[in-house]
Each structure stands twice: as structure tokens, then as C-alpha cells.
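In: dropping the sequence and predicted coords here.
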Amino acid sequence: MQYELRTLVIEPRRKTFTNLAERYGDRPASRYEEGSVEIQATENFHYRPLWDPQHELFDPRWSELRLTDPDSFTDPRQYYYAPYVTARAHLHEAFAATLDYLDKRGLLARLPGPWAALLGGLVIPLRHYESGAQMISTYGCRFAYGSTVEQCCSYAAFDRVGNAQLLSRVGLALGDGSDALLAEAKAAWTGAAALQPLRRLTEELLVEKDWAVALTGLDLTDQLLYALAYRHLDEAALLGGAGGYSLIAQHLASWFADQRRWIDALQAAWAADPQYGAANAAALAAAAEQVMPRAQVAVGALAAAADELVGADCGPAVAAAAQAARSTITALTAPKEAR
Amino acid sequence: MTTPTKKVREVGVDLQESEENRAIIEAVEADNADCAVRHMPGLVRITTPGRLVINRTSVESRLGRDWETHEFQLAIVSYFGHIAEWDDDQIVIQWDH
């Protein structure tokens, strides 16, 4: 007797949810798409907010910057809960390993005096900046329209809590396990002259009504601050014999590279929008115009204080970062005919 | 067409069907215009006449993270053709003769 072996292919009745099949065609959707795209509530908002009856509860008009199809923007990192949490768990484990190493070798205790002062007096207070950034990102998550954007904002907000934790752990390690340095850092954030322009800017962004403008302003400030504190000073630390600083800075620098991926994609989507593109570009340029000088002053004050301590040409580094940030915005918002 | 066209032999790969590999399958579909995709239980066979290209950048854009071409080893079950090129940016499978 002979047997014939053959495969039997059973076509699934449907490959994904109907809305995704309509959007992308009838193909298996990724987990990211199934969990992120078109989740936004769009109708049956019975009551308008008492504090702003001009708007619906979820309303694209909360911002000047809009997308015709909010779900046309997708996170280039494709983060939904599981990959996001896994990626950040890796980040924090790697950071814990670094901190462990620093502790074992006494590298923080052996930081040259000016570098220890810089880390304790200027960098650790930035955990309060991260806290402010968390509020701004959360605000974005609430008032953005389109679940893919909201999701990115929400993860960015959690990231900021994480970053503040990283800095706090450095503070605890630098203070030999006591929280004295963190208390000093709080006092520095509210009192030290070098940090006041940055605190002022952060607080002004906190009260910005338009979430997208606030987010753009925060991102511009980030670009200067991260370029200074975790890239420029990182290199200067290596040359100045403060390897411990560099080991810490690398983690925040690599986080920021990850953060930029979705912000870049979102800004590009805003500028390229078929219907709102021109208005978006104008609003983006206006936001940059408004925030950039203030960001430069704020981070410049930090740079001047850092220069006084370690003399690492921080001023020009901030100016260069500002130039780079400006040209990115200009490239995005230049009128299409001019290209 | 007066010259008799030589029959082009097919090359192809069998990939395990998984969430991760779907990005690779989509990239191959996008980069090889005349490919045929056949779904089998747990397996996807992609065939093209003559030459099959896998580009790192197109996989990365679909996967949302960095992808190195050697990771293709994890996805592949079988292939037919010769691997003509396997560098950091591209994998090319074709017949040498």
C-alpha cells in the first residue's frame, strides 16, 4: 500500500483586523500595527470639557500641527508594550552594570575634583529637567490626536522618569549611598544661577498650551542639552581623566539617539502632510524660532558653568549643536518650491 | 524575439514564518518585483527567476531596528541557488551557471 504525503494549506479566514486590512491590504499585520494603529477614539464624545468647550475630548485642533491621517505616522522603532519594556530593561541593566563597575573600581570617588563638582552640581540636578520633560511628554500623550503619536509620547514620558532615575542613582553612588547630594541637587535646580535659565525654559514649556509646540521646544532644548552634557562633555571627560563620567554619559547619549528616531519621523510627517504640510511647516518654524534663542541661553548658562569648572570649550559645542538643530528645522520647513 | 529564450531557473529561499521574519519576507517581496510567495504551514517559500536580493536597509525599515545580514541565518530553513554575495548590506542568491 502506498501513502502519498502532501501538505495542505489552510488559508486563514482573515489575516488581521478589518480596519488594518482596509488600510494596508489583506496581509498579516505586525503586532505593532495591531496594537497601535487606529485605536484613537473618534466619535461619541458626549460632553465637551467644561474647561474648554471649544474642543472635543479628543480633538486634532488641540494643536496647530496636524496630520490629515494621524495613523500615517508610525513609530520607526515599532515600540508597543513588549519591545519597549524589553529595550528599556536592557538599558537599565546595562546602566546598573556600569554603576556596579564604577562602584567596584571606586571610579566615582576618584573623579578629579572639578569633574565631581560638575557631575554633582550641574548634571545630577538635570533629573528635575527630566521630570519636567516627563510632564511635557505626558501632556503630549493626552492631547495628541492619533494613537501612534500618543503611544510614542507616552513611552517618551516613561523614558524621562527612567532617565531621572539613572541620574538619581548616579547621585546616590556619588554621595556614597546617602541622599545628601540629591537634596543639594534639588536646591541647585531651584537656586543655582547656572541652572535658572534652563528651569525657566522648562517651566515655560510646561505651560505651553499647544502640545506639539511644547514637544518641539523640548526636543530642541534636548538637542542642545544632550549634545553638551552627554556627548561633548563625555569626550572632554575621557581626555580630562574622568572616565567615570563618560561611562555614565554613554547610556543617556544612546537613549537620546533612540528618542530622536521617532521625533524626526514625526516632524518629517508633519512637514510632508498633503493637506496641512505648509501650515505645519510654518508652525514648526515659528516654534523653533521662539524656543531656539531661549534654549541657547539656557544651555549656554550651563555650558559657561561647566567651562568654569573643567574648561572644555563647552560654549562653542552648544553653538554648534544649535546650528545643527536649526539647519534640521530649516531643511524640514523650507518651502517646497525652493528645494 | 527571434533567439530562443533560455529557460531561467528559479532561485528561492524557505523562511520560517514568524513575526520577526515577516519583515524579511516583506522586504524580499518589495525588492524582488517578480517573486512568488507560497505559504506553507509554518514556512514561506519565496522564489524568483534567476536572482533574489535581500537588502539590509529595506529589512531594517520594516523591522524598526538594526538588522545585520548574518541574522538571515536565523530566519532561513533552506534555499536553492548559490549565494553569490553576502556582505554587510546585501545578500544575493542566484545560479552561477
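Out: In hand now; what should we look at?
In: what residues are up against the residue of chain B found nearest chain A?
Out: Nearest residue of chain B to chain A (Cβ to the nearest Cβ) works out as residue B:64 at 3.3 Å. The way it works is simple: take the backbone N, C-alpha and C, and place the C-beta from them, glycine included. Applying Cβ atoms under 8 Å, 6 or more residues apart in numbering or on different chains to residue B:64 gives the contacts A:32, A:75, A:76, A:77, A:78, A:79, B:23.
In: mind running it again at 6 Å?
Out: Residue B:64 sits next to A:76, A:77, A:78 when contact means Cβ atoms under 6 Å, 6 or more residues apart in numbering or on different chains.
In: how about stretch A:186-200: buried residues?
Out: A:188, A:189, A:192, A:194, A:195, A:197, A:198, A:199 (16 or more other Cβ atoms under 10 Å in any protein chain shown).
In: follow-up on the earlier one: pLDDT wise, what is the nearest residue to the residue of chain B closest to chain A once chain neighbours are set aside at?
Out: With Cβ to Cβ, 6 or more residues apart in numbering or on different chains as the criterion, residue B:64 has its nearest non-adjacent residue at 3.3 Å, and that residue is residue A:78. Here, the pLDDT recorded for residue A:78 equals 92.
In: how about residue B:20?
Out: For residue B:20, pLDDT reads 84.
In: lowest-scoring secondary structure element of chain B by mean pLDDT?
Out: In chain B, no helix or strand scores lower on mean pLDDT, DSSP states H and E than strand B:36-40, which sits at a mean of 87.
In: from the contact counts, what lies against it?
Out: strand B:43-49 (3 or more Cβ pairs under 6 Å, 6 or more residues apart in numbering or on different chains; DSSP states H and E).
In: output the below-cut-off pLDDT ranges for the chain.
Out: With no chain named, the answer covers chain A. A:335-339 (pLDDT under 70).
In: try chain B instead
Out: Using pLDDT under 70, the flagged stretches of chain B are B:1-6.
In: contact residues of it facing chain A?
Out: By the rule Cβ under 6 Å from any Cβ of the partner chain, the part of chain B lying against chain A is B:40, B:64.
In: show me the helices in chain B, by range?
Out: B:19-31, B:56-63, B:72-75 (DSSP state H).
In: could you do chain A as well?
Out: A:18-24, A:31-36, A:81-104, A:113-118, A:126-143, A:147-174, A:180-191, A:196-206, A:211-226, A:233-239, A:243-272, A:277-310, A:314-333.
In: out of those, which gets nearest to residue A:42?
Out: When the helices of chain A are compared by Cβ to Cβ, helix A:147-174 sits nearest residue A:42, at 10.4 Å.
In: helices or strands up against the closest one?
Out: Helix A:147-174 is packed against helix A:31-36, helix A:81-104, helix A:126-143, helix A:180-191, with contacts defined by 3+ Cβ pairs under 6 Å, 6+ apart.
In: now the angle from it to helix A:81-104?
Out: Using axes from the mean of the first three to the mean of the last three Cα atoms, to 10 degrees, the interaxial angle of helix A:147-174 with respect to helix A:81-104 works out to 10 degrees.
In: okay, the angle between helix A:147-174 and helix A:243-272?
Out: Using the same axes, to 10 degrees: helix A:147-174 against helix A:243-272 is 170 degrees.
In: burial count for residue A:173?
Out: Residue A:173 has 19 neighbours, counted by other Cβ atoms under 10 Å in any protein chain shown.
In: over to residue A:25?
Out: 10.
In: relative to chain B, which residue of the stretch 1-150 of chain A is the closest?
Out: For the stretch 1-150 of chain A, Cβ to the nearest Cβ, closest residue to chain B: residue A:78, 3.3 Å.
In: ok, how many other residues are close to that residue?
Out: Look at residue A:78: counted by other Cβ under 10 Å, it has 18 neighbours.
In: you'd agree it is up against residue A:33?
Out: No - between residue A:78 and residue A:33 there is no contact under Cβ atoms under 6 Å: 8.5 Å.
In: return the residues in contact with residue A:73.
Out: Residue A:73 makes contact with A:148, A:149, A:266, A:269, according to Cβ under 6 Å, 6+ apart.
In: that one: what's its closest spatial neighbour, skipping adjacent residues?
Out: Closest to residue A:73 by Cβ to Cβ, 6+ apart is residue A:269, at 4.3 Å.
In: separation between the closest residue in space to residue A:219 that isn't next to it in sequence and chain B?
Out: Spatially, and ignoring its direct neighbours in sequence, residue A:219 is nearest to residue A:263 (5.2 Å; Cβ to Cβ, 6+ apart). Per Cβ to the nearest Cβ, to the nearest Å, residue A:263 is found 15 Å from chain B.
In: can you tell me which of the contacts of residue A:73 has the most neighbours?
Out: Among the contacts of residue A:73, residue A:149 has the most neighbours (other Cβ under 10 Å), with 27 neighbours.
In: show me what contacts that residue?
Out: Counting by Cβ under 6 Å, 6+ apart, residue A:149 has contacts residue A:73.
In: which residues are in contact with the closest residue to residue A:26 other than its chain neighbours?
Out: Counting by Cβ to Cβ, 6+ apart, residue A:15 is the residue found nearest to residue A:26 once chain neighbours are left out, at 5.6 Å. Taking Cβ under 6 Å, 6+ apart as the contact definition, residue A:15 lies against A:26, A:27, A:28.
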